[in-house]
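1. sequence and predicted structure are below.
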Amino acid sequence: MTSRQDAPTAVVVVDPSGNVTGWSEGGRLLLGWTAFERLGRPLADLLVNPAPGALENGANGSGPGDCVPLRHRDGSVVNAVLAAHPLQGADGRPAGRVVTVQRWDRRPVIADRAFEQCPFALGVYDPDLRFLWVNASACRVMAHSEEQVLGEKYRELFPELDDMAYTSRLSEVARTGEPARLITIFRPLGSNYANAWATSMWPVRDEEGRIRAVANWGFDMSAEYWARQRLLLLGEASKGIGKTLDVISTAAELAQVSVPGFADRVTVDLFEEVLRGDEPPLSSAFTVDGTVTLRRAGHYGAREGASRRSEPASVHYSPNSVAVRCMASGRSTVHLAAEPGPGGEWGFGPGLAADPAHWPPGNPVIDKTIAAKGLTGRITVPLRARGALLGVVTFARSDRPESFTADDLILAEELTAKAAVALDNARRYTREHTTALTLQRSLLPRRLPHQDAIEVASRYLPADADTGVGGDWFDVIPLSGARVALVVGDVVGHGLHASASMGRLRTAVRTLADVDLPPDELLTHLDDLVLHAPDDLQPEGHFEDTGESGATCLYAVYDPVSRRCALASAGHPAPLVIAPDGTVTPVPAHAGPPLGIGGLPFEAVELELAEGSLLALYTNGLLESRGRDADRTGELVEVLRRPAASLEALCDTVTATLLPQHRTDDAALLLARTHALAGDHVATWDIEPDVAQVPQARAVAMETLAAWGLDEAAFVTELVVSELVTNAIKYGEPPITLRLIRDTSLICEVSDASDTSPHLRRARAFDEGGRGLLLVAQLTQGWGTRHGTNGKTIWCAQPLDTP
């Protein structure tokens, strides 16, 4: 439909001589001339190419309907179609002609029908956004006929459809003359399903370039739009699900990423085994014997938000419930709220009826009961990954009127599949983390042994759960002669393999310490063990270095008799030594190479400690934390100087001050307060290398036991002194020394300058010797040999009932 204003028709009255005697307003609109300017002038003056008979024939010399170029007042050419109609006077004689002039249009009538029948919605508005013309497709979208909308304003006619974006953009095009594009989301009248429309708008100008109207066309791109939205949601799910290796966090991520873009409420229910990291039931072997109990690991609603993280509540499903049937069959189920039809019957809603996608068998199920729960639809999907059944997910809509579609079911299954893999990864990690933590705790000392030489306290704090268990470790090892070894180490990496590597190193250190090697020699042997570790220690399918390679270790031995501490380091930080007056005792230890490098020496240093000195052995995780300076030794020293009720309290203060809540590495701390053995608890004698000195050695030993009040140990001690001194005189080299130490046990030591060590052997029936050392081993708590720079020492220990 075209208005007179937009397609003017000029009516001109011409007398018999060809002069204009009448000029309509349409002539001014079409050609720019006013009646005053044209009256009395020849009509032929308007012709660009005047030809004889043109006006009589109504065309440019050809015939009616042909194009006749006319002069516009501004000098431009207007192609027009002229039609001449003769006039007669009262006497029947010719009185002139009436000539109608219309703009010539090359468009055939079929073109008008093409626009009218276009499947896209076409419309033209005046600058005030009144309807000037619409095609049939636009009428169907608006559910109004052309007669109902022409001349009406869009905003006044369709207030429920106008979100201001559409009409505001139309007004902008009318004002600026710049074309525009827009995607709008709205629900057509009578539909519960939102449509997405792509619209293009452009200005319509007249011959003078003035904007006279705004035209637009639009088409329903709902399928493409919602497919794009589903892809975007899947993209967000890929980034948002599985950010941590925590089962509950992953379940919460699945619920949150789905709301509100896809559903209004999501619940994630998992088997108890998944939360513990155990093996869940197999999908193929899942059977229902009764009520199935799951744990609600994730829940998110558009109204209530996320559930607070706490112990997941138990959820009980009956054997006939939708969730159990889905898990048993392995197929998803869609339940939609029923809607009454025109005849009162229950059936599909209008949104579902318009869904072009193909539903899988058995879906959807029209359920009258879910409407009573405030739901418009519900999708239930079993959680399956790698053949295991993890649980079930429920997506529900309650606030939005549109129904779930078959495409929505595909999206729900895709979201669930992504989450299932992430949940299974988290479950496997939970199992490995729990196993590694159990292994690590079993390998670390549960209780530190009581020693008169030192007072000890320790702390081990594993890294955050998302980082895993590491290989930090410490140990306190009683040695012969009332000495004690302090050990701390760090294995590179995290997880089960790091824990196993730590256990191997701790066992190796304890074995080498039992041989009573000096610190530097012990680290040398430990380095060789790591360097020549068998290939079968390597995890299957991995070719990188094992966890022991690059491990660090510090080994220190404190002697309470001499108050001297010998130590050596394999790439580990030196300990901090705080004197009783608070001054820091420098430790000139050189940090040797980490274990597993090979070919480089380890250096031992020895220093004398004042009684009551504090030794702090630690791993890097105590001082190095994300976002802080790497070297925080000074801060640790200041904390160690603070007064504390006990070493246990001081350990708590150190960890609370230095360790952040979230860490990326394990941290181990071992604090030791040194004690000195009183001089009256040690007795030493030089023995002449003569067998006749053995009775004298027994005598002085018995006198010392009597002075100590240890008469009950006299018999065994007399036998031990006789055997060890005799062996040293016969088989050793001078000088020979006898020493008794009263500690938690009674220690007897005999030293000589020979490096030859005695060993137990079984004496035959007629052998004259070989039974003495066997008796010593049977009567004492333990015995052994340790080597020094000037020979060896044979020692044995007896338990004491009283200190």
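-> Cool, the structure landed. Numbering: from 1, shown residues only.
2. which of the three states applies to residue 381?
-> Of the three states, residue 381 takes strand under DSSP: H, G, I helix; E, B strand; the rest coil.
3. that one bridge partners, please.
-> residue 393 (DSSP bridges).
4. what residues are up against it?
-> 326, 332, 392, 393, 394, 395, 412, 413, 416 (Cβ atoms under 8 Å, 6 or more residues apart in numbering). C-beta: built from backbone N, CA, C; applies to glycine.
5. between the residues you listed, which sits nearest residue 699?
-> Distance to residue 699, by Cβ to Cβ, is smallest for residue 392 among the contacts of residue 381, at 85.5 Å.
6. give me the number of neighbouring residues for that closest one.
-> 27 (other Cβ atoms under 10 Å).
7. state the distance from the closest residue to it other than its chain neighbours to residue 589.
-> Spatially, and ignoring its direct neighbours in sequence, residue 392 is nearest to residue 323 (4.6 Å; Cβ to Cβ, 6 or more residues apart in numbering). Residue 323 sits 63 Å away from residue 589, going by Cβ to Cβ, to the nearest Å.
8. ok, now residue 438?
-> Applying Cβ to Cβ to residue 438 and residue 589 gives a distance of 34 Å.
9. more crowded one of the two?
-> Shown here are residue 438 and residue 589; by other Cβ under 10 Å, residue 589 has more neighbours (21 against 13).
10. my guess is that one contacts residue 567. True?
-> Yes - here residue 589 reaches residue 567: they are 5.8 Å apart, a contact under Cβ atoms under 8 Å.
11. where do the contact lists of the two overlap?
-> 574, 605.
12. chain neighbours aside, what residue packs nearest to residue 674?
-> residue 613 (4.8 Å).
13. Provide a list of residues in contact with the one you found.
-> Residue 613 neighbours (Cβ under 8 Å, 6+ apart): 577, 578, 579, 580, 585, 673, 674.
14. state the distance from the most centrally placed residue in the chain to residue 34.
-> Geometric centre of the chain, nearest residue: residue 243, 1.3 Å, by Cα atoms, centre = their mean. Distance, residue 243 to residue 34, by Cβ to Cβ: 77 Å.
15. now residue 73
-> For residue 73 relative to residue 34 (Cβ to Cβ), the value is 9 Å.
16. ok, longest helix in this protein?
-> helix 406-443 (DSSP state H).
17. what comes up buried for it?
-> Across helix 406-443, burial judged by 16 or more other Cβ atoms under 10 Å covers 406-409, 411-416, 418-427, 429-433, 436-437, 439-440, 443.
18. then stretch 369-379?
-> So, applying 16+ other Cβ under 10 Å, buried residues of stretch 369-379: 370, 375, 376, 377, 378, 379.
19. stretch 8-16 too?
-> So, applying 16+ other Cβ under 10 Å, buried residues of stretch 8-16: 8, 9, 10, 11, 12, 13, 14, 15.
20. and for stretch 642-652?
-> Buried residues in stretch 642-652 (16+ other Cβ under 10 Å): 644, 647, 650, 651.
21. rewinding a little: how much space separates the residue nearest to residue 674 from residue 582?
-> Counting by Cβ to Cβ, the gap from residue 613 to residue 582 is 11 Å.
22. and the residue nearest to residue 392, how far is that from residue 291?
-> In terms of Cβ to Cβ, residue 323 sits 12 Å off from residue 291.
23. neighbour-wise, which of the two wins?
-> Per other Cβ under 10 Å, whichever of residue 323 and residue 291 has more neighbours is residue 323, with 22 against 11.
24. list phi and psi for that one.
-> phi -60, psi -40 (degrees, to the nearest 10).
25. that one against residue 383, yeah?
-> No - Residue 323 lies out of contact with residue 383 (Cβ under 8 Å); the separation is 10.6 Å.
26. give the residues shared as contacts by these two.
-> Between them, residue 323 and residue 383 share the neighbouring residues residue 392, with contact defined by Cβ under 8 Å, 6+ apart.
27. ok, and for stretch 143-151, which residues are buried?
-> For stretch 143-151, by 16+ other Cβ under 10 Å, it's 144, 146, 149.
28. with stretch 593-607 instead?
-> 593, 594, 595, 596, 602, 604, 605, 607.
29. tell me which helix or strand the fourth one sits in.
-> This points to residue 596. Residue 596 is part of no helix or strand, with elements assigned from DSSP states H and E.
30. was I right about it contacting residue 531?
-> Yes - counting by Cβ under 8 Å, residue 596 touches residue 531, with 5.5 Å between them.
31. re the thing from before, tabulate the buried residues of stretch 143-151 in CSV, adding columns for secondary structure, distance to residue 553 and pLDDT.
-> Formatted as CSV, those follow (DSSP: H, G, I helix; E, B strand; the rest coil; distance: Cβ to Cβ, whole Å; pLDDT from 0 to 100):
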residue, secondary structure, distance to residue 553, pLDDT
144, coil, 86, 88
146, helix, 90, 87
149, helix, 87, 89
